[in-house]
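Q: the following comprises the amino acid sequence and a computationally predicted model.
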Amino acid sequence: MPEGDTLFRMARTLQRAIGGQIVTRFETVLPKLARVDDDAPLAGRTIECVESEGKWLLMRFSGDLILLTHMLMSGSWHIYRPGERWQRGRQHMRIVIETPRMVAVAFNVPVAEFHTGDSLARRVGFNRLGPAVLGEDFDAESAVRNLLSQPGMEVGPALLKQNLLAGIGNEFKSEVCFGAGVNPFRTVGSLSVEDLRRLVAAARAMMTDNVLQRSAMRRTTRRAAPGENLWVYGRGGEPCRKCGEAIQARRHAVDARLTYWCPQCQPYGA
Ligand SMILES: [Zn+2]
C-alpha cells in the first residue's frame, strides 16, 4: 500500500505537471463523477493545486470543486504528454484530466469523490485524520496527544491509525520504532511522553528525508545502496546495523501486520 511519502510525491508530480493549468477535457468511467461533470463541467476550470493529506490525494479546481482520491492497494495517478502511450491498459482507467500540456490518468482508484470545501469537511474518514506527518504545519504535540488517547494499544498498530497521525504505513512503522529505540509491542500507555515525542520526531524526520531525496527508493539509513536503505523492515534474521543482534519479525495480534525490530536496540522492558 502506498504510504504518505508516496502520496506526497504523487501529489508533487501532479502539481508540477498540471497545477495552475486549465482543464480542457475530463473523462471518467465512474458514474457519480460523470454526473457532477454533467451538471458542472470540469472543462474550463483551473487546477488550483494538487496536494496530499495523509494517504489522500486532493485536486482542487476553481469554483469550489475538489476531487478526492484514495489509492488503497491498487490505485495510481500517471502523467502523460498528449498522445503518449499509457503504461496501463484502458480497462484500468478511471479518470482522465487533460490540460493543454499534460494528461493525468487515474488507474484503478477505488475511492474517488467530488466535494465542495464544506462537504469535504464533513466527509467521514477524511475529517478524522490526525495531523499529517508530512504536512507543512505538522503539529507534533497534537500527534503525541492523539497517541496518548490510546494507552492500551500497542505502539506498532497505533502508528498506523490514520486518525492519530496520518501518513505512516507498514514499512515506516518498523523503521520509526527503530529510529526512536522503542519496542513496537509495548503499549502506548507504558511509554513516557518523551518516548512518544521521539517516535513522532523520528516519523517526521524519516519521512521528510524520503520526500526530499531524488531517488524513489525508500530509505531511512541515509544509505542509498539497495539492501542498505532500511534499518529493520524486511530484514528478519539479519544482523542489526547498529548492534549486530538478529532482527526479529512478528505479527501484532490486533491487526496481524508484521513488525520488524531489534531486541537489543528496542528492548521490551526499557
Ligand atoms: Zn540493534
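A: That came through fine.
Q: pLDDT wise, what is the residue in the stretch 101-250 of the chain that the ion sits nearest to at?
A: Closest residue of the stretch 101-250 of the chain to the ion, Cβ to the ion: residue 240 (3.0 Å). Yep, even glycine has a C-beta here, placed from its N, CA and C like the rest. For residue 240, the pLDDT comes out at 97.
Q: kindly report the same for residue 121.
A: 80.
Q: do residue 1 as well
A: 57.
Q: touching, the residue of the stretch 101-250 of the chain closest to the ion and residue 247? I think so.
A: Yes: under the criterion of Cβ atoms under 8 Å, residue 240 makes contact with residue 247 at 5.9 Å.
Q: which secondary element of this protein has the worst mean pLDDT?
A: helix 117-122 (a mean of 85; mean pLDDT, DSSP states H and E).
Q: tell me what that one is packed against?
A: strand 65-70 (3 or more Cβ pairs under 8 Å, 6 or more residues apart in numbering; DSSP states H and E).
Q: what does the least confident helix or strand of the chain rub up against?
A: Here helix 117-122 makes contact (Cβ atoms under 8 Å, 6 or more residues apart in numbering) with 58, 64, 66, 68, 126, 127.
Q: buried ones in that helix?
A: Of the residues in helix 117-122, residue 120 count as buried by neighbour count, 16 or more other Cβ atoms under 10 Å.
Q: now do stretch 107-116
A: 107, 109, 112, 113, 114, 115.
Q: show the average pLDDT along it.
A: The model assigns stretch 107-116 a mean pLDDT of 94.
Q: mean confidence score for the helix ranked longest in the chain?
A: Longest helix of the chain, by residue count under DSSP state H: helix 193-212. Taken as a whole, helix 193-212 has a mean pLDDT of 93.
Q: how far away from the center of its chain is that helix?
A: 14 Å (Cα atoms, centre = their mean, to the nearest Å).
Q: got a list of contacts for that helix?
A: 3-5, 8-9, 12, 133-134, 138, 140, 143-144, 147-148, 155, 159, 165, 167-168, 172, 175-177, 179-182, 188, 191, 218-220, 222.
Q: that one: which residues count as buried?
A: 195-204, 206-207, 210.
Q: between the residues you listed, which is nearest residue 92?
A: Nearest to residue 92, judged by Cβ to Cβ, of these is residue 210 at 26.9 Å.
Q: run a quick neighbour tally on residue 187.
A: Number of residues near residue 187 (other Cβ atoms under 10 Å) recorded here: 13.
Q: residue 9 versus residue 137, what's the distance?
A: 20 Å (Cβ to Cβ, to the nearest Å).
Q: which one's more surrounded, these two?
A: Legend: neighbour count by other Cβ under 10 Å for residue 137 and residue 9, higher for residue 9 (16 against 6).
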